[in-house]
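Visitor: Test case, fold it:
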Amino acid sequence: MSRRDRGSRRAPAAAPAPCAVTVCRGCCCGTEKVPGVDHAAQLALLRQSLSGAAQVRVTGCLDACEQANVVVVQPSAAGRAAGGRPVWLGLVHDTDAVRDIAAWITAGGPGLADPPGVLDLYAFTPSRRVRQSVED
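Guide: Prediction:
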């Protein structure tokens, strides 16, 4: 193989980055401090519903304990290019909310699809310090 042949090979294009979903499971979220919620089932439903559509990751405390259970939806690369920004959702206690979040992300998520109206009730803006720790 000549040098020219080596230089003409190109790596396959990377797939566009999907949405990322960060689920807080720190000191308050995902614990008995939020009673009456099957936290394991909630996380399993989110992972199952978003399999192949988004990366679901669990993190320790996001320092927004007054909003427990917290879910942060970060836009895909295409969503960010279209103006989408991370969306913080709090008080996510019921299965219907998890299903609405999953349906929105499957439709494209921030920047690409409008969230179901009910998710407006869950959206909140954390402090800048807290936002920077997750969004960077």
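Visitor: Go ahead and confirm A97 touches D120.
Guide: No. With contact defined as Cβ atoms under 8 Å, A97 does not reach D120; the gap is 11.8 Å. C-beta: built from backbone N, CA, C; applies to glycine.
Visitor: Would you mind telling me which of these two has more residues around it?
Guide: A97 (20 against 9; other Cβ atoms under 10 Å).
Visitor: Which helix or which strand is home to the more buried one?
Guide: If you go by DSSP states H and E, A97 is part of helix 95-106.
Visitor: Tell me the first helix or strand C-terminal of that helix.
Guide: Assigned by DSSP H and E, the successor of helix 95-106 is strand 123-124.
Visitor: Note down every partner strand of that next one and its orientation.
Guide: strand 87-89 (antiparallel) (DSSP bridges).
Visitor: pLDDT averaged over the strand it pairs with, what's the number?
Guide: The pLDDT scores in strand 87-89 average 97.
Visitor: That strand: how far from the chain's middle?
Guide: Offset of strand 87-89 from its chain centre (Cα atoms, centre = their mean, to the nearest Å): 8 Å.
Visitor: Excluding its own residues, what touches it? List them.
Guide: 64, 67, 70-73, 97, 101, 110, 115, 119, 122-126, 131 (Cβ atoms under 8 Å, 6 or more residues apart in numbering).
Visitor: Any of those buried? List them.
Guide: 64, 67, 70-73, 97, 101, 110, 115, 119, 122, 126, 131 (16 or more other Cβ atoms under 10 Å).
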